[in-house]
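>>> Give me a 3D structure for the following:
(2 chains)
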Amino acid sequence: MSTKSEPTLQEQLAQLDTLIAWFDRDDFDLDEALQKFEAGVKLAETIKDRLATLENKITVLKERFGQPGGGH
Amino acid sequence: MLETVLSVSDCIALVNQTLEFAYPAVVVEGEVASFKVSKQKYVFFDLKDQQGVLSCFTMIYQLRQPLEDGMTVRVVAQPRLTAWGKFSLTIRTIQPVGEGSIKRSFELLKAKLTEEGLFDSQRKRPLPVMPSRIGLIASVESAGYSDFLKILGNRWGGVEVVVADVLVQGAEASQQIMHALSHFNEQPVPVEVVVIIRGGGSAEDLAVFNEEPLVRAVAASRIPTLVGVGHEIDTSLCDQAADVRAATPSNAAQLLVPDRQAVLSDVAHKQRYLMERLEQRERTVRTLVDATAVTLLDAMQRALRARQKEVVYAVGILKQLDPKTVLRRGYALVRTRQGTVVNRETPVTAGDQLTVELNHAILEVGVQHVNKK
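Below is the predicted model of the structure:
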């Protein structure tokens, strides 16, 4: 499960979309654009790294579900 | 034994004890006849074949599928003598047998639950786009389980899969699946989606997923559900009660998570787009700066030309004021001997010596007479 310090992939993808939307705005500052661009590229690289390396974690519950109440 | 006199009820109890000892449970297959439900609670019907008939009794909540006359069923039951002296089977479990009966039971339940609105499309909730924690109800021994995890791993990463290992066929399966479902629904931090999967099987194997209590439990889940049971051609009522139906366990994994290759290429595309936008913006700014520089230069040149004209005009004026220019026009400059220019205040009397400067000569002259003007 994700923690506050580590955004989920979905959150990072949303951040990337926000950055891209910023570049489509009319009020535009070149200095800010450079900062946003660098942040965007860094974010994209992080996402790619995560996608390439993340593995699923499988946990089989010890509970037996045979009897009524067995699932609790 | 013959000396013992029993009351009627004792006699019935004795027979029942004997029956219970001899036949704790019997499994009987036969055709349903005279099916009826009393007070919406008690179920009575006969089980018959060509040679005989048995009375059966059960409670409505023990019926997992609808029954009607003419269906072939298999019951697990306890034979007993009722208080009215009638021999009867008390049913523990009952299931339709044979394609026709299974299909008929399926259709009856489907019609009933459709009527109740259990399968309505407006009840369906969307699944999370990128779930980070899912509950999986499956048999860990099954091929469907392996297929699901394999496809899930190929497509996506970072998902925590919490598995409830249950039986997915047989008499106990639906109870186990329901317990697992309520387990997930009762957790303080619930999973984001519950996935129920089972690989292909015969109609009787898959009948579990058409049992009414389980179908209702799937529909009632607080957590969104994804059900992938059997092969593509199979549809179960659990499928239809779920928020999202998958054709197979593999398909369930496909519907659950995005494909990382697709996301990777999307991210790469966005990265290129960022670069293009930045370059485009840079070009715009550069063009703007160039245009501004040209305008500035123009303005400066215009201002310079205007100043030049002013200077030429001023020089013209100055030239008009030059005493030499005045002398050239025929005027003379008169000074005293001391060199002071003679004006209204200068005292000049007869006999004074003055210097008169003309354009072409300087005359030393004497004043003969002064006439006041």
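>>> where do the helices sit along chain A?
Using DSSP state H, the helices found in chain A span residues A:9-23, A:30-53.
>>> Out of those, which is closest to B:L358?
Smallest distance to B:L358 across the helices of chain A (C-beta to C-beta): 73.5 Å, for helix A:30-53. C-beta here means a position set from N, CA and C on the backbone, and glycine is covered the same way.
>>> Name the residues of the stretch 101-250 of chain B found near chain A, please.
Counting by C-beta under 8 Å from any C-beta of the partner chain, the residues of the stretch 101-250 of chain B close to chain A are B:129-130, B:132-133, B:140, B:149, B:152-153, B:156-166, B:172, B:175-177, B:179-180, B:182-183, B:186, B:189.
>>> Give me the subset of those residues lying in strands.
Using DSSP state E, the subset of these located in strands is B:R133, B:E160, B:V161, B:V162, B:V163, B:A164, B:D165.
>>> What pLDDT is listed against the first one?
The predicted local confidence for B:R133 comes out at a pLDDT of 95.
>>> Might one say that it is in contact with B:V194?
No: look at B:R133 against B:V194 with C-beta atoms under 8 Å: they stay out of range, at 10.8 Å.
>>> between those two, which one's more packed in?
A direct count of neighbours by other C-beta atoms under 10 Å in any protein chain shown for B:R133 and B:V194 places B:V194 higher, at 27 against 17.
>>> show me the contacts for B:L214.
Shown in contact with B:L214 (C-beta atoms under 8 Å, 6 or more residues apart in numbering or on different chains): B:R64, B:S174, B:I177, B:M178, B:V208, B:C238.
>>> Burial check on the closest residue to chain A within the stretch 151-300 of chain B, number of neighbours?
Nearest residue of the stretch 151-300 of chain B to chain A: B:G157, at 2.8 Å (C-beta to the nearest C-beta). Using other C-beta under 10 Å, B:G157 has 18 neighbouring residues.
>>> Can you name the residues that contact the residue lying closest to it once chain neighbours are set aside?
Nearest in space to B:G157, with sequence neighbours left out and distances taken as C-beta to C-beta, 6 or more residues apart in numbering or on different chains, is A:L54 at 2.8 Å. By C-beta under 8 Å, 6+ apart, the residues touching A:L54 are A:L9, B:W156, B:G157, B:G158.
>>> Equivalent analysis for A:N56, please.
Residues near A:N56 by C-beta under 8 Å, 6+ apart: B:L149, B:L152, B:G153, B:W156, B:G157, B:G158, B:V159, B:E160, B:V161.
>>> mind listing what the closest residue to it other than its chain neighbours touches?
Sequence neighbours aside, B:V159 is the residue nearest to A:N56 in space, at 4.6 Å (criterion: C-beta to C-beta, 6+ apart). By C-beta under 8 Å, 6+ apart, the contact list for B:V159 reads A:N56, A:K57, B:P131, B:S132, B:R133, B:I134, B:L152, B:V257.
>>> wait, isn't A:L19 in contact with B:R277?
No: in this structure A:L19 lies outside contact range of B:R277 using C-beta under 8 Å: 9.9 Å.
>>> Report the separation between the closest residue to chain B within chain A and B:M130.
Closest approach between chain A and chain B, counting by C-beta to the nearest C-beta: A:L54, at 2.8 Å. From A:L54 across to B:M130, the span is 11 Å (C-beta to C-beta, to the nearest Å).
>>> which neighbours do the two share?
Common contacts of A:L54 and B:M130 (C-beta under 8 Å, 6+ apart): A:L9, B:W156.
>>> Quick check: B:V76 is in a strand.
Yes: residue assignment for B:V76, taken from DSSP: H, G, I helix; E, B strand; the rest coil, places it within a strand.
>>> Run through the bridge partners of it.
As for beta bridges, B:V76 partners with B:V27, B:T93 under DSSP bridges.
>>> ok, and the most crowded of the contacts of A:N56?
B:L152 (24 neighbours).
>>> and it, what is it in contact with?
By C-beta under 8 Å, 6+ apart, the contact set of B:L152 is A:N56, B:V159, B:V161, B:A253, B:L256, B:V257.
>>> Excluding its own residues, what touches the helix or strand B:E107 falls within? List them.
Using DSSP states H and E, B:E107 sits within helix B:99-116. Helix B:99-116 is touched from outside by B:65-68, B:70-73, B:96, B:119, B:203-204, B:207, B:210, B:212, B:215-216, B:219, B:237, B:240-241, with contacts defined as C-beta under 8 Å, 6+ apart.
>>> make it 6 Å
By C-beta atoms under 6 Å, 6 or more residues apart in numbering or on different chains, the residues outside helix B:99-116 that reach it are B:Q65, B:P66, B:M71, B:T72, B:P96, B:A203, B:A207, B:N210, B:E212.
>>> so which of those comes closest to B:P323?
Looking across those and measuring by C-beta to C-beta, the closest to B:P323 is B:N210, at 125.7 Å.
>>> Report the central residue of chain A.
Nearest residue to the geometric centre of chain A (C-alpha atoms, centre = their mean): A:L9, 1.7 Å.
>>> Name the residues of stretch B:346-361 that are buried.
B:D352, B:L354, B:T355, B:E357 (16 or more other C-beta atoms under 10 Å in any protein chain shown).
>>> same check, this time on stretch B:164-177
Applying 16+ other C-beta under 10 Å to stretch B:164-177 flags B:A164, B:D165, B:V166, B:L167, B:V168, B:Q169, B:A173, B:S174, B:Q175, B:Q176, B:I177 as buried.
>>> Alright, calling it a day.
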